[in-house]
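Participant: sequence plus the predicted model coming up.
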Amino acid sequence: VESMPAWAERAGRLGVLDFVLRLAFCLVAPLVFVVACVMYNHFELLAVLALVVIPCGLLGNAGRSLERLEVVASWPVIGSALGFVRKLHAFYFEHAPRSFLYYLAYPVTCPLAAIRSPVARREFGLYRNFVAALVSVVAIKYAVEYSATFPPFLGVADAFGFAFMHAVLAIFGTLVLLLPITTTAFTYHFTGRRWRLRTLAALVLLVTIPAGAATYWMDRHSGGATAMARMTLEFRMENEAFRRELRAASEMFLRHHVDEVNQSLLAVPSPVVYLGEPVPTEAVAEHPELTEKYRRLVSGLATRDEADAFRVFVLRESAAAAKGEAPATTAYWIGIHATIDPPFVLAAVRPDGHYADDAIVTHWDELPSSVREHFEVDPEADAIESAPHRVAQRLMIDDWR
């Protein structure tokens, strides 16, 4: 039987309100952190933090458990993480964890406490080393992935910016998420309230695992780009050389396919199958087959799954008929809708665009009013909006800031 620390007998009563506060935190904070890590592909943060949180929550006496697992202790990553837990175990066996509110506001309370308290400085030193290890993992990740993700249109400065944001998330995860959870685990463990510890651990797993799995599935099966891919594409769009090459590729694609679309749609009365898809009943509709072709075309410019942020749409334009004349005539524009922040129309081509020199439209003001009226301009439109007629701003690729 594990001996109790000296401070456990002197520990104050941990009431129901304290448990409710810890429970609320353990349900909300890990959930938000897991969803953010999954959306932005920070799986290494999840793995490393899990190697610390799970032993604290489920193994109880992590120090003794590690002694029984000498083989695991020799593994580079797992052994280091469990070694960190063993150091925490030894520290909190000797020094009682402070109040839960202290750890909730740790970025503020720690510097104040460290001025006079050697124990607070020693505690911070334990987590400081862990943060340094996480930041090193982030740096190694971006160094390994640099050549496959950033060139030729993003450089070292851009990679550093992404790595910095990633490192901030790692520090946040340690100081704001890890400390309250680990100190709660050791508080309940050493004071004999292990049913509360098991309850918190079970609820955290029941909430975060399904939420993480659902976020992963939705992010990768939504038909568009992942959150991380949209972010890198937004950075890439700021590069003039990238926009120039993307514009040239888009113009070639639109000119090549506009005749094919119009001939297929206007050949026989609706409904008709064109390029494997039925004639759209909406004024603006995505063309799935052309979308796939365009994504393959630009995958050399927009790396990995960034190309999934683009979709090709078909827009039905009907010329107004004068009184007493034949019914209005119909023709089809095709264009490219980009689902980044902000979502916008990249370029479009007039129905006669296969031959006309000025048929490619890349400025919003150059779109005829009969075409612009079909788009819904909503500043609140977000990057995951699937409807190709919704845009956040009146801009196209040559209007880009």
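Facilitator: Here it is on my side, so go on.

Participant: average pLDDT across the helix or strand encompassing Phe235?
Facilitator: Taking DSSP states H and E as the definition, one finds Phe235 inside helix 227-237. Averaging pLDDT along helix 227-237 gives 88.

Participant: got the CA positions of that helix in CSV?
Facilitator: Backbone C-alpha positions of helix 227-237 (Å, rounded to 0.1, in the frame of the first residue of the first chain) are rendered in CSV as follows:
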residue,chain,number,x,y,z
ALA,A,227,-8.7,23.6,-41.7
MET,A,228,-4.9,23.4,-41.8
ALA,A,229,-4.9,23.3,-45.6
ARG,A,230,-7.1,26.3,-45.8
MET,A,231,-4.8,28.2,-43.5
THR,A,232,-1.7,27.5,-45.6
LEU,A,233,-3.6,28.3,-48.8
GLU,A,234,-4.6,31.7,-47.3
PHE,A,235,-0.9,32.4,-46.7
ARG,A,236,-0.1,31.3,-50.2
MET,A,237,-2.7,33.6,-51.7
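
Participant: mean confidence for the helix of greatest length in the chain?
Facilitator: Ranked by number of residues, the top helix in the chain under DSSP state H is helix 118-149. Across helix 118-149, the average pLDDT comes to 88.

Participant: now do it: which elements does it pack against?
Facilitator: If you count contacts as 3 or more C-beta pairs under 8 Å, 6 or more residues apart in numbering; DSSP states H and E, helix 118-149 packs onto helix 43-54, helix 76-94, helix 106-114, helix 156-172. C-betas here are computed from N, CA, C, even on glycine.

Participant: could you check the angle it makes with helix 227-237?
Facilitator: On the basis of axes from the mean of the first three to the mean of the last three C-alpha atoms, to 10 degrees, helix 118-149 is oriented at 70 degrees to helix 227-237.

Participant: so which bits of helix 118-149 are buried?
Facilitator: Across helix 118-149, burial judged by 16 or more other C-beta atoms under 10 Å covers 120, 123-124, 127, 130-131, 133-135, 137-138, 141-142, 146, 149.

Participant: with stretch 366-374 instead?
Facilitator: Neighbour-count burial for stretch 366-374 [16+ other C-beta under 10 Å]: 367, 371, 374.

Participant: what about it, how long is it end to end?
Facilitator: End-to-end span of stretch 366-374 (C-alpha to C-alpha, to the nearest Å): 15 Å.

Participant: any idea how far Ala90 is from Phe190?
Facilitator: 12 Å (C-beta to C-beta, to the nearest Å).

Participant: do Arg22 as well
Facilitator: Note on Arg22: its distance to Phe190, by C-beta to C-beta, is 15 Å.

Participant: need the contact list for Leu45.
Facilitator: 37, 134, 137, 169-170, 173 (C-beta atoms under 8 Å, 6 or more residues apart in numbering).

Participant: again, only this time at 7 Å
Facilitator: Neighbour list for Leu45: 37, 134, 169-170, 173 [criterion: C-beta atoms under 7 Å, 6 or more residues apart in numbering].

Participant: would CSV of those residues with distance to Asn262 be doable?
Facilitator: Converted to CSV, the contacts of Leu45 look like this (distance: C-beta to C-beta, whole Å):
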residue, distance to Asn262
Cys37, 46
Leu134, 55
Leu169, 48
Ala170, 53
Gly173, 53
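
Participant: about what we covered before: will you turn the helices and strands packed on helix 118-149 into TSV that also has mean pLDDT and distance to Thr330?
Facilitator: Converted to TSV, the helices and strands packed on helix 118-149 look like this (pLDDT from 0 to 100; distance: least, C-beta to C-beta, whole Å):
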stretch	mean pLDDT	distance to Thr330
helix 43-54	72	49
helix 76-94	78	62
helix 106-114	92	62
helix 156-172	87	45
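
Participant: can you pull the buried residues of stretch 80-95?
Facilitator: 81-82, 84-89, 91-93.

Participant: kindly report the same for stretch 240-251.
Facilitator: Buried residues in stretch 240-251, counted by 16+ other C-beta under 10 Å: 242-243, 245-247, 249-251.
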